[in-house]
Structures are given as structure tokens and as C-alpha cells.
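Asker: sequence unknown, structure follows:
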Ligand SMILES: [Zn+2]
């Protein structure tokens, strides 16, 4: 099984940063993507970033890369897209906080299982996990990357880049390890079910 890791946005993307500019989503998600790929490889899991560039690669190109890799892996691949959430326009600190995971509206059974495994890993960390209801661990949304990819795909929103407390946590070593470990443990637990 091949694990494809996507990281959000690019250096030239407007917005997508904390109001104090201490966190920029493109840079942060690339750092976490590197950590996730590194940890998965140590565990003997084949993992690769599909957007190694610093620039913003279009969603259509990301999907094309993921679908190509899925085909090359004989349909034995999953995709995890790493992002940070935002409530406002990035001009001011906002109240929304916490971690969440999404699947597309046309999600396959395996996408749902993967999302559930990731949310369970997050709940195990005793962090704030945003859920649509107490029974449902993950969100369903019309997300291009989830809708257009052929492999099981989820999108993680690692806390809020416009919440002051979340940003402080995200930028701490503890926070970086936390969001990395959630992703790695969730993927590993999903792979155990296969
Ligand atoms: Zn994003």
C-alpha cells in the first residue's frame, strides 16, 4: 500500500496564514507532511509527498498526480491532504478551534474508514476534535481533492490558523508532534484493517 501525502497551498497563495503571520499554512503543512512521510518510512510504510514544490500546484494537477500514483500502485494507495483550518479571512483572531477530518460527498467506504481511524487517533490524544455530532467522527464536504481522486482520500484540518491558542500549540514542538502522530497513527490503524 502506498501512502500519498498532499500539503495545502503554496508560497504565493494569498491569505492562508495567522493574523500575526507567525504561521503560514503552505509552510506549516509542508513541515508536517515531511514529518509524516519520515515517520511512516521508519515504520516500513511506502509514503511520498505528491506536492514537493513550494509553489501552489493546482487542484487539477494534484488530482492528476494522485490518480497516476494510484494507477501505478495497482490501486493500492490512499491520499491524505494536510491543511490548517480558518474561520475568518485571516485579518483577526477568531473563536473557532480544534482538529477535524473531512471526506468528500461521494466518499468510498474506505475513505470513511480512513477518516474514522484518523479521528480516533485524534481523540486518543485528548485534544479538541470537532465532530458533526457525538456519533459521527468526521465531516462530509464537497472538497475537490476528495471528490476527484480515485483512491480513498481524506482531508485533515489541523486546528485553526486564525485561533490564537491553536496557533501557539501548532507552532510548539508538542503541537507539531501531536498533529504528526495523529496522522501517522490514523494511517497505520487504517492499514491494519486492510
Ligand atoms: Zn488549506
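Answerer: Received, thanks. All values derive from a computational prediction rather than experimental measurement.

Asker: What parts of this protein come near the ion?
Answerer: Residues of the chain lying near the ion by Cβ under 5 Å from the ion: 8, 83. Using the backbone N, CA and C atoms, a C-beta is placed for each residue, glycine as well.

Asker: Centre-most residue in the chain?
Answerer: residue 82 (2.5 Å; Cα atoms, centre = their mean).

Asker: so where do the strands sit in the protein?
Answerer: Here the chain has its strands, by DSSP state E, at 2-7, 46-49, 77-85, 100-104, 139-141, 153-160.

Asker: Could you look over the ones you listed and pick the most buried one?
Answerer: Greatest average neighbour count among the strands of the chain goes to strand 153-160 (a mean of 27), per mean count of other Cβ atoms under 10 Å.

Asker: Residue ranges in this protein under the pLDDT threshold?
Answerer: Along the chain, the model assigns pLDDT under 70 to no residue.

Asker: Can you check which helix is longest in the chain?
Answerer: When the chain is parsed with DSSP state H, its longest helix is helix 173-192.

Asker: Which strands or helices does that helix pack on?
Answerer: helix 25-42, strand 77-85, helix 109-124, strand 153-160, helix 164-171 (3 or more Cβ pairs under 8 Å, 6 or more residues apart in numbering; DSSP states H and E).

Asker: what about 7 Å?
Answerer: For helix 173-192, the elements it packs on are helix 25-42, helix 109-124, judged by 3 or more Cβ pairs under 7 Å, 6 or more residues apart in numbering; DSSP states H and E.

Asker: mind listing what the residue nearest to the centre of the chain touches?
Answerer: Applying Cβ atoms under 7 Å, 6 or more residues apart in numbering, we find residue 82 in contact with 5-8, 29, 32-33, 156, 158.

Asker: Let's see that with 6 Å instead.
Answerer: 7, 29, 32-33, 156 (Cβ atoms under 6 Å, 6 or more residues apart in numbering).

Asker: Of the residues you listed, just say which sits nearest to residue 174.
Answerer: residue 32 (13.4 Å; Cβ to Cβ).

Asker: count of residues packed around the closest one?
Answerer: 25 (other Cβ atoms under 10 Å).

Asker: And residue 61, by the same measure?
Answerer: Burial of residue 61 is recorded as 12 neighbouring residues (other Cβ under 10 Å).
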